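Undergrad: Quick one, fold the following:
(2 chains)
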Amino acid sequence: MELEEHLFRREAGRITAALTRLFGMHNLAMAEDVVQDAFCRALEVWKFRGVPENPSAWLMATAKNRALDMLRRERTARTYAPELGRLLESEWTLVPAIQEVFSATAIKDDELRMMFSCCHPRLAEESQIALILHIPCGFSVDEVAGAFVSGHAAMEKRITRAKKVLAESKRLFEIADEDDFSARLPAVQRALYLLFNEGYHGASTKSAVRTELCQEAIRLTKILLAHPQGATPATHALAALMHLHAARLPGRMDGAGNLSTFYEQDRAKWDAQLVAEGQRLLNLAASGPDLSEYHVEAGIAAIHATAPTAENTDWRTIVSFYDMLMNIRPSPVVALNRAIAVAEMEGPESGLRELRAIEGRERLLSYPFYSAAFGELELRRGRRKVAREHFESALLLARSPMERQFLQKRVDACEAEESARPAGSNTSTKAEAH
Amino acid sequence: MSEFLFLYRGGESGRSSPEVAQQTIQKWMAWMKDMGAKGHLKDQGHPLDRTGKLVKGQKKTVTDGPFAETKDIVGGYTLIEAKDLSQATEISLGCPIFEFGGSVEVRPIMQLSM
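TA: A predicted model of the protein is given here:
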C-alpha cells in the first residue's frame, strides 16, 4: 500500500483543526502535541508493518485515543472550549464528544473554521498566510520558513506571536454566523490569493516547494467553494485564476529549474485540463453584479492561457482589463504590468512612456522587474547599451539565485550580436510580472 | 543461506514535521520492499515500545524502563537471510536509520549444526 502524497501533512492539519474546536484555541499546543504523538506512532509502527488499509482512519483513531488519554489526565487542570468544553468534564460525555469531533462532516467544517481563524483581522497578511501554512496545511515552522525564504528564528517568532493573538479568542471562528462569515471572507480570499502568489512568484528556488504552495492554495480554495456561503462569485473567480495560472506552471521553468522568459515558454507543456477547469470556474464566477479583482485577473490569465502564441495574444483586451484592475485595486505593480501590456499593443516607446508615468513608482525602485521592464523595452528599440544598464541595476536588486540567473541571462542578451528575439516581440519580464 | 537479526537503535526523528515523518516511512518501506524482492527478508519484525521492565539478578529485582539512553534503546528488529555476515552487513547499509543518527546491529543467529 502506497501513501498518497502529502497525506500526513493534510491529516495533521485536519486533526489539529478538529481537536482545537474541542480543546479551544488557547489549547492549540495541546492539539498539536496529540497530533505529533499520533504521527510518531505511525512512523514507528508503519516502517515495520507497512501502511494500513486506511491510513487516514488509522491516524485519526490513534489521535482520538491520545486525546482521550490526555483529557483524562488533564481534565480538571485546564479549561477547554466554551460550550463544547464542558462535555470533556464527565466520562459520560467525553467519548461521544471526541467521536463527534472526528466525524467526516464535522472535520470538513473544522478545516474551514481554522482557515477563517488564521485570518484574524489583528494579524498582518504575512502572518495570516504563515499561520495557514503552519496549521491547516501542516507545514512545520522550518518548512514555512523555507517556503518564504525566511530564517527559522524569525519565522518561529512570527508564528508564535500570531498564535498568541489566536489564543485570545478561546474558540475557533464560528462559520455558522452568516454576518461574521461574510465579514471575514474577503480576508480569507486575499490570504489564499497571496499564498498562491508566493508559490507562483515567490522567492523559493525549489520549484517543488513553489508548486506545493500553489497546490495548497487551490486545495483550501476548493474547501471554501464547497461551503454554500463561501462559494461566492469572487471565490469562483479566485479559483479560476489559480487554475489558469497553475496550468502555466510546468512551462515557467526549463529542465534545469531556471525561469523561462514568456517567449521561450513551451506552450505545449501548459496543462490543458487545468485551463479547462479554470474556464469552467470563470463561467461560474460570472453570476451577480460584483466584479472583484480576482475576476479581472482571471480574465487576463484566461487570455494568456488560451492564446496560441505570445504574439497572437489579445493585448488590447488585456490592457482594458488592467485599466479595470487599476480602478479596483490600484498599485504600482499593476501599473507596471499594464505598461508592459501597452508596450505589446503599441510598441516599446508607448510602454516606456507608461513606465515613467507610473504613480508611486518610487515604491518600485527596489523591485528588480521594474528596471528589467525598462531593459526589455530599450532592448527592443535596439538601444543595447541603455538596456544593459537597466538589466544590471535589476541584477543588483535580485532577491533570489533564480532571479539573479534570469537577469544575468538578460544582461548577456544585450551583448549578443543579434537580438535573440524577433522584432516586435515582447519583454521577457512579462512572464514575471504577470 | 544463514539468518541474521538486525537490531535497530536510536535514530528517532524526534519532533519531525508530518512531511518528514511520511518521507521517512516511505524510505523504510522502500528498503523493506527491496530486501523482500531480493529474497533477504525472513521476517520484517516489529517495533518495540520504549517502555518496559527490567528483571535482573538472582534477587530478580524489577526496574522500570527505559534502560538506557535513547540512542541505545533497541527500537525494533528484523530477521534477515543472507549468504554470510558480510552480505548481511552490506544489506544493512541501505537502512534509512543512519540519516537520523541511529545504528543497526547485525547479529548472526547461531546455527544448530555442529
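Undergrad: I'd like the distance from the biggest helix by length in chain A to the chain centre, please.
TA: Counting residues, the longest helix in chain A under DSSP state H turns out to be helix A:178-201. Chain-centre distance of helix A:178-201: 9 Å, with C-alpha atoms, centre = their mean, to the nearest Å.
Undergrad: Identify the residues contacting B:Met29.
TA: A:Trp46, A:Lys47, A:Gly50, A:Val51 (C-beta atoms under 8 Å, 6 or more residues apart in numbering or on different chains). C-beta here means a position set from N, CA and C on the backbone, and glycine is covered the same way.
Undergrad: Show me the two of those residues that sit farthest apart.
TA: For those, the farthest-apart pair by C-beta to C-beta is A:Lys47 and A:Val51; their separation is 9.8 Å.
Undergrad: shared neighbours, the two?
TA: With C-beta under 8 Å, 6+ apart, A:Lys47 and A:Val51 have common neighbours B:Ile25, B:Met29.
Undergrad: quick one, which of those two is more surrounded?
TA: Set A:Lys47 next to A:Val51 and count neighbours by other C-beta atoms under 10 Å in any protein chain shown: A:Lys47 wins out with 25 against 20.
Undergrad: Could you check the pLDDT of the more buried one?
TA: The model reports A:Lys47 with a pLDDT of 90.
Undergrad: And A:Leu355, by the same measure?
TA: Looking at A:Leu355, its pLDDT is 95.
Undergrad: That one: which element?
TA: Per DSSP states H and E, A:Leu355 falls inside helix A:348-356.
Undergrad: Work out the gap between that helix and the centre of the chain.
TA: With C-alpha atoms, centre = their mean, you get 31 Å for helix A:348-356.
Undergrad: Can you name the residues of chain B that neighbour chain A?
TA: For chain B, the residues in contact with chain A under the definition C-beta under 8 Å from any C-beta of the partner chain are B:13, B:15-22, B:24-26, B:28-29, B:32, B:44-47, B:75-76, B:78, B:96.
Undergrad: try 6 Å
TA: B:Ser17, B:Pro18, B:Glu19, B:Ala21, B:Gln22, B:Ile25, B:Trp28, B:Gln44, B:Gly45, B:His46, B:Pro47, B:Gly76 (C-beta under 6 Å from any C-beta of the partner chain).
Undergrad: mind checking the SS state of the residue found closest to the fifth one once you drop the neighbours it is linked to in the chain?
TA: Using C-beta to C-beta, 6 or more residues apart in numbering or on different chains and skipping residues adjacent in sequence, the residue nearest B:Gln22 is A:Phe8, 3.9 Å away. In terms of secondary structure, A:Phe8 is helix; the call rests on DSSP: H, G, I helix; E, B strand; the rest coil.
Undergrad: count of neighbours near A:Phe8?
TA: Neighbours of A:Phe8 (other C-beta under 10 Å): 28.
Undergrad: How about the contacts made by it?
TA: Counting by C-beta atoms under 6 Å, 6 or more residues apart in numbering or on different chains, A:Phe8 touches B:Pro18, B:Ala21, B:Gln22.
Undergrad: elements contacting the very next helix or strand once past the helix holding A:Leu355?
TA: Where DSSP H and E defines the elements, the next helix or strand beyond helix A:348-356 is helix A:368-380. Applying 3 or more C-beta pairs under 6 Å, 6 or more residues apart in numbering or on different chains; DSSP states H and E, we find helix A:368-380 packed against helix A:332-346, helix A:348-356, helix A:384-397, helix A:429-433.
Undergrad: can we see that at 7 Å?
TA: Where contact means 3 or more C-beta pairs under 7 Å, 6 or more residues apart in numbering or on different chains; DSSP states H and E, helix A:368-380 is packed against helix A:332-346, helix A:348-356, helix A:384-397, helix A:401-415, helix A:429-433.
Undergrad: Helices of chain B, residue ranges please.
TA: B:18-37, B:85-92.
Undergrad: which helices and strands sit right next to the helix holding A:Leu355?
TA: Helix A:348-356 packs on helix A:332-346, helix A:368-380, going by 3+ C-beta pairs under 7 Å, 6+ apart.
Undergrad: Just put those helices in CSV and tack on mean pLDDT and mean neighbour count.
TA: Formatted as CSV, the helices and strands packed on helix A:348-356 follow (pLDDT from 0 to 100; neighbours: other C-beta atoms under 10 Å in any protein chain shown):
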stretch, mean pLDDT, mean neighbour count
helix A:332-346, 94, 22
helix A:368-380, 94, 26
